[in-house]
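K.L.:
need a structure here:
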Amino acid sequence: MAPMAPSFAVLARRVAAALAAAAVLGTAAPAAFADSPPPAPKKLPAGLYGSGDAQYDGVWRQSLALLAQHTVGVRPAASAVDWLAGQQCADGAFAAFRADPAKACDAKTMRDTNQTAAAVQALAALGGHDEAVHKAVGWLKSVQNDDGGWPSTAGSPSDANSTSVVIGALTAAGERPESVTKGGRSPYEGLLTFRLGCDVKEGERGAFTFQLKGAAANADASAAAATGALGKGFVVGPAGKDAGAPAAPSCEDGGKAGAADREEAAEGADAYLVAQLGKNGQHLPSAMPGAEKQPDVGNTADAVVALAAGGHRAAAREPLAWLEKNGAPWAKTGGPAAYAQLVFAAHATGADPRDFGGKDLVAGLNATGPKPAGDGQSVSPAKDPKDTGSDGGFNVWWVIVIGLAVGAGIGFLISGRRKRGL
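P.N.:
Numbering: from 1, shown residues only. Take a look at the predicted model:
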């Protein structure tokens, strides 16, 4: 097996991340993004999880860390929760990182639907932040596109990953995603437009593409959509009776595989993921441009969550075993968001995150930030007392520049991961 890719921070699918991708790939940043946000301070604020540059993923990694702790019964430090809540703009939105939260957000503040939706899921689960959650959901509704979906930044074309993570946020906040419409279309309708139908080769039918322009089967988008289509967020409760192997869509109905309902769409995405996992040794490969083909641990974790969301317990067993063998070293390098992904995968399959391949993911996660206020080890990893069944999918976490045009030819970045800031 090739060595595992360097740890990639969880990115919340934002155009701002194009700057980081340009640095990694040696390409020039689009002129439209020349006035990038100032770099994060050398000394990170108290309460923030992770030790890397938080400019692109501070709210994202904090949200996932706090949500993962809550899922396993750990009570986060007050300073950690306060840091996250303090990042919110007055209009309800969250940017990736605000070095000076006391300074009001203005027109130059790069608000982000993914960071906002992640914060909603965390704050809703923790409780006591109803006003912040309400304002954040209101902002998300205000930037919904007419196709029913969401982009990472307002005014850009919708994408499957952003739409999925917002669906998870709506569910976590007690909303019914199907009733949140724009242009007469719901988030579910918007999400299903990214599903590949019968006009693609057989092995890609049922997969989801990230965006419609340059549409291509995408495992990251498929994992996100498989959970989003079911109205779930990052946290998926363990499945009960196994639903059996997911079935690939049939085109015997006149070529309407892309018009299936959302449960069928989720199953088709899961079938695509099972096929990809099977031909790659029960893990998904990295898709970084120009990189050697190597395992993508985070995307594999997202796929396990997606399979569990669909009730495909048996199908998730082998990739889960691969994660138990390979995940902890990656998370140790990757930081809080990486640990959180593995915790979500363990929780969704009924595995023990405190003994995950012999490693304690919870202790590893806790060590990346302020000491928790309490650690409820009596809480079973297979049962979350506040599990709403929400799971935004995500996953979501790799950077590929695909040259999509936004506005007057501005390059658009696919969502995902980057090397720094975990």
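K.L.:
for this structure, just list every one of the helices.
P.N.:
Under the criterion DSSP state H, helices of the chain are mapped to 18-25, 58-71, 78-86, 113-126, 130-142, 160-172, 187-192, 219-228, 262-279, 297-309, 313-334, 336-349, 361-366.
K.L.:
export the ones you listed to a markdown table and append columns for mean pLDDT and mean neighbour count.
P.N.:
In this view, the C-beta of every residue, glycine as well, is placed from N, C-alpha and C. Shown next, in a markdown table, are the helices of the chain (pLDDT from 0 to 100; neighbours: other C-beta atoms under 10 Å):
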| stretch | mean pLDDT | mean neighbour count |
| --- | --- | --- |
| helix 18-25 | 29 | 19 |
| helix 58-71 | 98 | 29 |
| helix 78-86 | 98 | 18 |
| helix 113-126 | 98 | 29 |
| helix 130-142 | 98 | 18 |
| helix 160-172 | 98 | 31 |
| helix 187-192 | 97 | 25 |
| helix 219-228 | 98 | 33 |
| helix 262-279 | 96 | 23 |
| helix 297-309 | 98 | 31 |
| helix 313-334 | 97 | 21 |
| helix 336-349 | 98 | 30 |
| helix 361-366 | 98 | 23 |
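K.L.:
make TSV out of the ones you listed and add distance to residue 103.
P.N.:
Formatted as TSV, those follow (distance: least, C-beta to C-beta, whole Å):
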stretch	distance to residue 103
helix 18-25	21
helix 58-71	15
helix 78-86	12
helix 113-126	17
helix 130-142	18
helix 160-172	25
helix 187-192	32
helix 219-228	33
helix 262-279	41
helix 297-309	33
helix 313-334	30
helix 336-349	25
helix 361-366	30
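K.L.:
among these, which comes closest to residue 106?
P.N.:
Nearest of the helices of the chain to residue 106, taken as C-beta to C-beta: helix 130-142 at 15.0 Å.
K.L.:
that closest one: how far from the chain's middle?
P.N.:
Between the centre of helix 130-142 and the centre of its chain there are 19 Å (C-alpha atoms, centre = their mean, to the nearest Å).
K.L.:
swap in stretch 229-242?
P.N.:
Between the centre of stretch 229-242 and the centre of its chain there are 15 Å (C-alpha atoms, centre = their mean).
K.L.:
if you count neighbours, what's buried in it?
P.N.:
Neighbour-count burial for stretch 229-242 flags 229-239 (criterion: 16 or more other C-beta atoms under 10 Å).
K.L.:
let me know which of the helices of the chain is the nearest to residue 212.
P.N.:
The nearest among the helices of the chain, by C-beta to C-beta, is helix 160-172 at 9.4 Å.
K.L.:
residues in contact with residue 75?
P.N.:
69, 372-376 (C-beta atoms under 8 Å, 6 or more residues apart in numbering).
K.L.:
equivalent analysis for residue 362, please.
P.N.:
69, 72, 74, 343, 353-354, 375.
K.L.:
distance of it from residue 238?
P.N.:
Residue 362 sits 17 Å away from residue 238, going by C-beta to C-beta, to the nearest Å.
K.L.:
and for residue 146?
P.N.:
37 Å.
K.L.:
picking up where we left off before, can you tell me which of the buried residues of stretch 229-242 is closest to residue 311?
P.N.:
Closest approach between these and residue 311, by C-beta to C-beta: residue 239, at 4.4 Å.
K.L.:
isn't that closest one up against residue 311?
P.N.:
Yes. With contact defined as C-beta atoms under 8 Å, residue 239 counts as touching residue 311 (4.4 Å).
K.L.:
before we move on, the earlier item: by neighbour count, which of the contacts of residue 75 wins?
P.N.:
When the contacts of residue 75 are compared by neighbour count (other C-beta atoms under 10 Å), residue 69 ends up highest, at 31 neighbours.
K.L.:
which residue is the nearest non-sequential neighbour of it?
P.N.:
In this structure, residue 69 finds its nearest non-sequential neighbour in residue 76, 5.1 Å apart by C-beta to C-beta, 6 or more residues apart in numbering.
K.L.:
what is the neighbour count of the one you found?
P.N.:
If we define neighbours as other C-beta under 10 Å, then residue 76 has 27 of them.
K.L.:
and what of residue 51?
P.N.:
Neighbour count of residue 51, defined by other C-beta under 10 Å: 13.
K.L.:
and what of residue 280?
P.N.:
By other C-beta under 10 Å, the residues close to residue 280 number 17.
K.L.:
what sits against it?
P.N.:
residue 295.
K.L.:
how near is it to residue 330?
P.N.:
16 Å.
K.L.:
what does residue 266 give?
P.N.:
27 Å.
K.L.:
next: residue 174.
P.N.:
On the measure of C-beta to C-beta, residue 174 and residue 330 end up 34 Å apart.
K.L.:
next, give phi and psi for the residue nearest to residue 318 when sequence neighbours are not counted.
P.N.:
The shortest distance from residue 318 to any non-neighbouring residue, by C-beta to C-beta, 6+ apart, is to residue 282 (4.5 Å). Torsion angles at residue 282 (phi, psi; degrees, to the nearest 10) stand at phi 70, psi 30.
K.L.:
just residue 245 next, same as before
P.N.:
Backbone torsions of residue 245, given as degrees, to the nearest 10, read phi -70, psi 140.
K.L.:
how many neighbours does it have?
P.N.:
14.
K.L.:
per-residue pLDDT of it, please?
P.N.:
Note for residue 245: predicted pLDDT of 94.
K.L.:
from residue 243, how far off is the nearest residue to it once chain neighbours are set aside?
P.N.:
Leaving aside its sequence neighbours, residue 245 sits nearest to residue 315 (C-beta to C-beta, 6+ apart; 5.8 Å). Using C-beta to C-beta, residue 315 is found at 9 Å from residue 243.
K.L.:
also residue 100?
P.N.:
Taking C-beta to C-beta, one finds residue 100 at 49 Å from residue 243.
K.L.:
without its sequence neighbours, what residue ends up closest to residue 296?
P.N.:
For residue 296, the nearest residue in space outside its immediate sequence neighbours is residue 286; the separation is 4.4 Å by C-beta to C-beta, 6+ apart.
K.L.:
wait, residue 198 sits on residue 251?
P.N.:
Yes. Assessed by C-beta under 8 Å, residue 198 is found in contact with residue 251 at 3.8 Å.
K.L.:
burial measure for residue 250, as a count.
P.N.:
Neighbour tally, residue 250, other C-beta under 10 Å: 13.
K.L.:
the residue lying closest to residue 206 once chain neighbours are set aside: what's it in contact with?
P.N.:
In space, and not counting its chain neighbours, residue 206 is closest to residue 268: 2.6 Å by C-beta to C-beta, 6+ apart. Contact partners of residue 268, counting by C-beta under 8 Å, 6+ apart, are 195, 205-207, 246-249, 257, 260.
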